[in-house]
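In: mind folding the following:
(chains A, B, C and D)
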Protein chains: 2
Amino acid sequence: MGCYLKEVISSGIVEPAELVELVNKWFRRATIVMVSKCSISYSGRASSIARESTRLIILKQDGTVLVHESVGSNPLNWQPRSSIVTKKISESEVELRAIRVSPREELVIRVTGRSLVVVVELGDEGLTIYGKEEDIIEELANNPSRIISGATLIAREVSTPYGRVDIMLKDPSGKLVVVEVKRARAEIEAAQQLHRYVEYYRRLGLDVYGVLVAPDISNSTLKYLGDHGLKYVKYSPKGSGAISLL
Amino acid sequence: MGCYLKEVISSGIVEPAELVELVNKWFRRATIVMVSKCSISYSGRASSIARESTRLIILKQDGTVLVHESVGSNPLNWQPRSSIVTKKISESEVELRAIRVSPREELVIRVTGRSLVVVVELGDEGLTIYGKEEDIIEELANNPSRIISGATLIAREVSTPYGRVDIMLKDPSGKLVVVEVKRARAEIEAAQQLHRYVEYYRRLGLDVYGVLVAPDISNSTLKYLGDHGLKYVKYSPKGSGAISLL
DNA sequence: GCCTAGGTCCCGTTA
DNA sequence: TAACGGGGCCTAGGC
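Out: Got it, this is the predicted structure:
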């Protein structure tokens, strides 16, 4: 058969002994994708047990472990970049143990019977993404008048003990303005974030006010702003970064 | 070879035409796992482009689409459940287009050349998890004195326009107490959450105070509580739900 | 290490 | 549907 793919190092259905061999040989050197019947225990920030079932297990080159079922975006269990130990328990059972040091967490996957194992060299290209909050802040920092007519930029990304202020402006009257920017509809949390920055500067004795900038806002958030003397400015980012799909 | 696995419906390296056939036949009926050279465009809440590279693509039964590279817990691109997948094929290229209706988002995966495709019936067992915030609220609701000596439970999960209060108590003097519970170290957001519930009830004319319950707290959060007349009660959940791993 | 914010967060729940 | 809280959230960045 001419049917090969150069990135696929190995692929097939294997017995437990060979699974251990493959994992020992390729873990952290390539991505290992397995379909196995397994039961799972996790113990750490929380703890969980999953009964025996057929699952998709992914061991990535950076030590990431993902266990997926047939539904859901999120894995059933996982371990971020961490180390893994394999142990063959018996003729028909293999234990994969992934340990995270801090916080201390253990994920134990007990594989029974045969597994379909694919060892493959995946890429690590990453992607170019547009439309992040950062992009909007960039636009606004270059055009402070979009927020307040005649305002000038004082600073960006200003640290306070309670978090980082997105943009700091001076309005035409010389008053300081704390600006919090959201890329999507602003909800209550954004208003409180802004509120606590404004409060912080007022306690320092500065005469400041706060503006929340977002393309949209929830009703209760708008009310919250009003109740606390904060302002809302509607702003939808220019489509500069938009990508059209063929 | 006696090497089979009954959950694996199909497995092998296929040309573009057969890839389309397999997706047509099995999408939403089984989980389709592919290793393919592909380029990707995404457009929706944000937008992104990924250059051609070898990636792991998962099409789940519920319509979830995941694209993984060799590193990271999170997928490079994805589409949540109930997305619709359409295919288009040319000489040597297959286009998989996953569409989410609301918000409108499109993920376009252009596969070139051969793919390793595994079609498999994965489980949907889910798991039993312990140590969620809910468990701690349960404990505390049954023992309000753990929070305030002599207090009695008034209600749980009380809705306000600004979110849901975890626990409402009455202290021995008859005063209402708003309680916010965290399963892990409390950070600034938790304090503000509590603050806005307390504020809401005060504006209604009620005489209430607020208590944040958590196993630990950050310094600035503790300061925030003090500055706003809120209290902190340290509480580590009993290990009732703990699971010991063999 | 602590701590905060951002995310195409996802996901469940309730009004 | 909108809107909010929870999550083993993950990840990046500042200190």
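
In: what about the least confident helix or strand in chain A by mean pLDDT, near chain B?
Out: When the helices and strands of chain A are compared on mean pLDDT, DSSP states H and E, strand A:83-90 comes out lowest with a mean of 90. No. Judged by CB under 8 Å from any CB of the partner chain, strand A:83-90 and chain B are separated, with a smallest distance of 9.8 Å. Glycine gets a C-beta too; all of them are placed from N, C-alpha and C.

In: now for that strand, which elements pack on it?
Out: Here strand A:83-90 touches helix A:16-26, strand A:93-100, going by 3 or more CB pairs under 8 Å, 6 or more residues apart in numbering or on different chains; DSSP states H and E.

In: tell me, how many residues neighbour A:Glu21?
Out: Burial of A:Glu21 is recorded as 14 neighbouring residues (other CB atoms under 10 Å in any protein chain shown).

In: where's it relative to A:Ile58, distance?
Out: Counting by CB to CB, to the nearest Å, the gap from A:Glu21 to A:Ile58 is 19 Å.

In: and the strands in chain A, which stretches?
Out: A:8-14, A:31-43, A:47-59, A:65-68, A:77-79, A:83-90, A:93-100, A:105-120, A:128-130, A:152-160, A:163-170, A:176-181, A:208-214, A:231-234 (DSSP state E).

In: any idea how far the second one is from the chain center?
Out: For strand A:31-43, the separation from the chain centroid amounts to 22 Å (computed by CA atoms, centre = their mean, to the nearest Å).

In: bridging residues for A:Gln79?
Out: Residues in a beta bridge with A:Gln79, per DSSP bridges, are A:Val65.

In: tally of neighbours for it?
Out: 25.

In: correct me, but it touches A:Thr64?
Out: Yes. With contact defined as CB atoms under 8 Å, A:Gln79 and A:Thr64 form a contacting pair (7.0 Å).

In: returning to that earlier point: give me whichever of the helices and strands packed on strand A:83-90 is most buried.
Out: Of the helices and strands packed on strand A:83-90, the one with the most neighbours on average (mean count of other CB atoms under 10 Å in any protein chain shown) is strand A:93-100, at a mean of 20.

In: helices or strands next to it in the packing?
Out: Using 3+ CB pairs under 8 Å, 6+ apart, strand A:93-100 sits against helix A:16-26, strand A:77-79, strand A:83-90, strand A:105-120.

In: and the first one, what other elements does it pack with?
Out: Judged by 3+ CB pairs under 8 Å, 6+ apart, the packing partners of helix A:16-26 are strand A:8-14, strand A:31-43, strand A:83-90, strand A:93-100, strand A:105-120.

In: excluding sequence neighbours, find me the nearest residue to A:Lys60.
Out: A:Thr31 (5.3 Å; CB to CB, 6 or more residues apart in numbering or on different chains).

In: these two touch, right, the one you found and A:Asp62?
Out: No. Here A:Thr31 lies out of contact with A:Asp62, judged by CB under 8 Å, at a distance of 9.6 Å.

In: more neighbours: which of these two?
Out: A:Thr31 (29 against 16).

In: ok, the more buried one - contacts?
Out: Contacts for A:Thr31 were tallied using CB atoms under 8 Å, 6 or more residues apart in numbering or on different chains; they are A:Ile58, A:Leu59, A:Lys60, A:Gln61, A:Val119, A:Val120, A:Glu121, A:Leu122, B:Leu56, B:Ser70.

In: repeat the analysis, applying 6 Å as the threshold.
Out: With contact set as CB atoms under 6 Å, 6 or more residues apart in numbering or on different chains, A:Thr31 has these partners: A:Lys60, A:Gln61, A:Val120, A:Leu122, B:Ser70.
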